[in-house]
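> Following is a predicted model, sequence given first.
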Amino acid sequence: MGRTNDKSLKDAIEQMLNVYKLKRKFDETSLVVAWPDIMGKAIANRTKEIFIRDRKLFVRVESSVIKNELLMMRTNIIEKMNEHAGSNVIDGIVVL
């Protein structure tokens with residue numbers, strides 16, 4: 001009897017982790033899509049590439065002025081992004 005309970009608990013935990021990974025991926029994708037809404041059109045139009053890897057937001061911009069602006073606003077951007085996602089999806093920002 002104990003063995004089947006252990007197995008189902010292990011399955012339940014695995015299933016929960018898979019759902020969590022899917023949710024995290026969904027949150028990351030929704031943040032990338034929401035970048036123009038969160039940051040505004042001026043910055044979004046100068047963003048060449050944006051992606052999330054290992055809890056870091058990578059943003060490639062075409063101008064050093066925008067790059068410096070994003071670096072100065074780093075903490076603010078992380079807060080806005082996580083607030084938008086409703087959970088802590090991002091720990092840091094790398095501006096390329």
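Looks like it came in fine.
> can you give me the strands for this protein?
Here the chain has its strands, by DSSP state E, at 47-53, 56-61, 92-95.
> Could you export the ones you listed to JSON lines, including columns for mean pLDDT and distance to Glu83?
(Glycine included, C-beta is placed from N, CA and C.) Formatted as JSON lines, the strands of the chain follow (pLDDT from 0 to 100; distance: least, CB to CB, whole Å):
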{"stretch": "strand 47-53", "mean pLDDT": "96", "distance to Glu83": "16"}
{"stretch": "strand 56-61", "mean pLDDT": "97", "distance to Glu83": "14"}
{"stretch": "strand 92-95", "mean pLDDT": "96", "distance to Glu83": "15"}
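> Dump the ones you listed to a markdown table, plus mean neighbour count.
Converted to a markdown table, those look like this (neighbours: other CB atoms under 10 Å):
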| stretch | mean neighbour count |
| --- | --- |
| strand 47-53 | 13 |
| strand 56-61 | 18 |
| strand 92-95 | 14 |
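> quick one, which of these is nearest to Arg74?
The minimum distance between Arg74 and the strands of the chain falls on strand 92-95, with 5.1 Å, by CB to CB.
> And the contacts of the closest one?
Contacts to strand 92-95, defined as CB atoms under 8 Å, 6 or more residues apart in numbering, come from residues 55-61, 67, 70-71, 74, 77-78.
> List the contacts of the residue nearest the centre of the chain.
For the chain, the residue sitting closest to the mean C-alpha position, by CA atoms, centre = their mean, is Glu28 at 3.8 Å. For Glu28, the contact set (CB under 8 Å, 6+ apart) comprises 52, 89.
> Over to Leu31?
38, 52, 57, 81, 84-85, 89-90.
> wait, which of these is closest to Gln15?
Distances from Gln15 to these, taken by CB to CB, are shortest for Val89, at 21.2 Å.
> ok, so what distance separates that closest one from Lys67?
22 Å (CB to CB, to the nearest Å).
> For the two, indicate the residue with more neighbours.
Val89 (20 against 16; other CB atoms under 10 Å).
> who touches that one in this structure?
24, 27-28, 31, 52, 55, 81-82.
> Model confidence for it, exactly?
Listed pLDDT for Val89 reads 93.
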